[in-house]
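Asks: starting from these lines, generate the structure:
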Amino acid sequence: MFRWLIVVFLALLLLNGFSALLRKIGLGRLPGDFEITVFGRKIWLPIATTVLLSMVAAGIARYV
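Replies: Alright, predicted model coming up:
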């Protein structure tokens, strides 16, 4: 279980690092991605983008 925690943490870290690039190609502005401002900090919740990228990853994994 500890390994999965590390994997999830690293995936979230990479997603945060690539958020500017993802927004340039339009993946941060899907109708299901939320940007919330709390106490002057912006929190980005890419729910629709996560679902879309998961479907793409599952499709690639199925054919590889």
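Asks: for Gly32, grab phi and psi.
Replies: The main-chain torsion angles of Gly32 are listed as degrees, to the nearest 10 and equal phi 170, psi 0.
Asks: now do the helix or strand of the chain with the lowest mean pLDDT: distance to the chain's middle.
Replies: The helix or strand with the lowest mean pLDDT-type score in the chain, counting by mean pLDDT, DSSP states H and E, is helix 19-24 (a mean of 78). Going by CA atoms, centre = their mean, to the nearest Å, the spacing between the C-alpha centre of helix 19-24 and its chain's C-alpha centre is 10 Å.
Asks: neighbouring contacts of it?
Replies: Outside helix 19-24, the residues that touch it by CB atoms under 8 Å, 6 or more residues apart in numbering are Leu15, Gly28, Arg29, Trp44, Pro46, Thr49. Placement of C-beta: from N, CA and C, glycine included.
Asks: just those now: which is nearest Phe9?
Replies: Of all the contacts of helix 19-24, the one sitting nearest Phe9 is Leu15; the distance, using CB to CB, is 10.8 Å.
Asks: quick one: neighbours of the spatially closest residue to the closest one that is not a sequence neighbour, just the number.
Replies: Ranked by CB to CB, 6 or more residues apart in numbering and with sequence neighbours excluded, the top spatial neighbour of Leu15 is Pro46, at 7.2 Å. Pro46 is surrounded by 22 other residues when neighbours are defined as other CB atoms under 10 Å.
Asks: swap in Leu53?
Replies: By other CB under 10 Å, the residues close to Leu53 number 14.
Asks: so who does the residue nearest to it when sequence neighbours are not counted touch?
Replies: Taking CB to CB, 6+ apart, and ignoring the residues beside it in sequence, Leu53 has Leu27 as its nearest neighbour in space, at 7.6 Å. The neighbourhood of Leu27, defined by CB under 8 Å, 6+ apart, consists of Pro46, Thr49, Leu52, Leu53.
Asks: just those residues: which are in helices?
Replies: In helices, judged by DSSP state H, the following of the contacts of Leu27 are found: Thr49, Leu52, Leu53.
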